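Peer 1: I'd like to go over a predicted model; first the sequence, then the structure.
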Amino acid sequence: MAKMALSHSPSFLLPKSSASTISPSLNLRSAQSFLQITKVSSASTPILSNGYVASLPFKSPSPSPNRKNYIRRDSCLIIPPPKGTKPVAVVKFLGGAFVGATPEVTYSHLMELLAKEGFLVVSVPYNVTLNHEMAAKMVYENFHACYDGLLVTGVSEAGISPVDVSCLPVFSVGHSNGALLQLLVGSYFSEKLPKANAIVSFNNRPATEAIPNFEQFGPFLSQVMPIVETSPVYSIASNVTENAMKAFMDTAGAVIREYDSEALLSFNKFVGQLPSVFNQIREGTSEFKPTPPENRECFRNSYCVPNTLLVKFSTDAIDETDTIEEVLKPRVESFNGKLEKVVLSGNHLTPCIQDLKWQVGPQYTPADALAQSLKSISLMETRVLSRTIADWFKSLDFDS
């Protein structure tokens, strides 16, 4: 079964096929032709070199480019409760791999639902990397730099004072790779930890399972990236940098041109993390660091967050919640902590569902009805997820 890109690994990079392999003798001329992107000089519509117009032929959801429900503080995003609502806790939020770099786009609906439950959400964006230890320590430092600032300034835009913030307990929510990082933070550090973790769709598979044809991917990049770097579409670069994604950004720029600078910043952040991953693989990285078995051993011996909720979805082929439950249970029992698991309707992408407005054409068609029905079901599952997490957090003894 194909693995979803939201897993902790960049599994969307290659198609999954039982018979597919990447040969070191890749036809480089074909690769060069495929990577070349051109534009029609008389129009802004981008066209790929194979003749296909890079546009969607079907109706799509209508975004709200001027709608922004967050406040940027340093490297973090603050989503406060509605004005007039007294916050009940601070929630540190980590999204999944790749999409976790732009939570204001990929998790905005879920974070807004949590904020409406009275939580002061602090989302910590991070770039995907094969070094999970480095990522965990980075999000720990970035969150506490932001949190320390809130203790000094509060959130004046939402009427929240520094004293208000200082009285709030701190909880954490992590999805997919973000769930892994939350557990690592709770194991690497013994101070300034959250009182509770909500671990959603935990996933930590070995690279060889998570990335199809991982063994051949390094040699593949070694051959392809020089083509990308020297393509006339890009500026010549000696290393893989963000310039290597320039053509992709130019193409997508036509799609998001009506968005404000915040939307463009989010897009640049998402694209900008890809070259770093390519470099790590090209330079010979063959496994995540630490490895999944090393992570499990770390959790068994060092995890120390007192309250942990594990959330699993009914349809999620890459979920490893049951495995991590077995790992955490004896450890949590050893310090009289609390560990609970719930199974909710949904799938691995449920936390990323967005409340976009479906653009209906001149006539209401069966396709419109189907799309709106599926949207309603998905949004309901996301609301149930938010309410489940919120109710569980609120049920805890904040002074324990």
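Peer 2: Everything's here; your move.

Peer 1: where do the strands sit along the protein?
Peer 2: 37-39, 46-48, 61-62, 71-73, 76-79, 89-94, 119-123, 170-175, 196-200, 307-315, 338-347, 357-358 (DSSP state E).

Peer 1: would you mind giving the ones you listed as TSV with mean pLDDT added?
Peer 2: Converted to TSV, those look like this (pLDDT from 0 to 100):
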stretch	mean pLDDT
strand 37-39	34
strand 46-48	35
strand 61-62	43
strand 71-73	93
strand 76-79	96
strand 89-94	98
strand 119-123	98
strand 170-175	98
strand 196-200	98
strand 307-315	97
strand 338-347	97
strand 357-358	55
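
Peer 1: nearest to F393, out of the ones you listed?
Peer 2: strand 170-175 (5.2 Å; C-beta to C-beta). Where C-beta positions appear, they are placed from N, C-alpha and C, glycine not excepted.

Peer 1: in its sheet, what does the closest one sit against?
Peer 2: Partner strands and pairing direction for strand 170-175 (DSSP bridges) are strand 89-94 (parallel), strand 196-200 (parallel).

Peer 1: let's see the shortest one as PDB, backbone CA atoms only.
Peer 2: By that I understand strand 196-200. Taking C-alpha atoms only, strand 196-200 is exported to PDB below (Å, rounded to 0.1, in the frame of the first residue of the first chain):
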ATOM      1  CA  ALA A 196       0.400  16.500  29.000                       C
ATOM      2  CA  ASN A 197       1.000  15.200  25.500                       C
ATOM      3  CA  ALA A 198      -1.700  14.500  22.800                       C
ATOM      4  CA  ILE A 199       0.100  12.100  20.400                       C
ATOM      5  CA  VAL A 200      -1.900  11.900  17.100                       C
END
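
Peer 1: relative to strand 338-347, how tilted is it?
Peer 2: 30 degrees (axes from the mean of the first three to the mean of the last three C-alpha atoms, to 10 degrees).

Peer 1: around S201, how many other residues sit close by?
Peer 2: Around S201 there are 30 other residues, counting by other C-beta atoms under 10 Å.

Peer 1: deepest-packed of the strands paired with strand 170-175, please.
Peer 2: Of the strands paired with strand 170-175, the one with the most neighbours on average (mean count of other C-beta atoms under 10 Å) is strand 196-200, at a mean of 27.

Peer 1: that strand vs strand 307-315, what angle?
Peer 2: Orientation check (the same axes, to 10 degrees): strand 196-200 against strand 307-315 gives 10 degrees.

Peer 1: list the contacts of strand 196-200.
Peer 2: 171-176, 179, 182-183, 186, 305-311, 321, 324, 351, 385, 389, 392-393, 396 (C-beta atoms under 8 Å, 6 or more residues apart in numbering).
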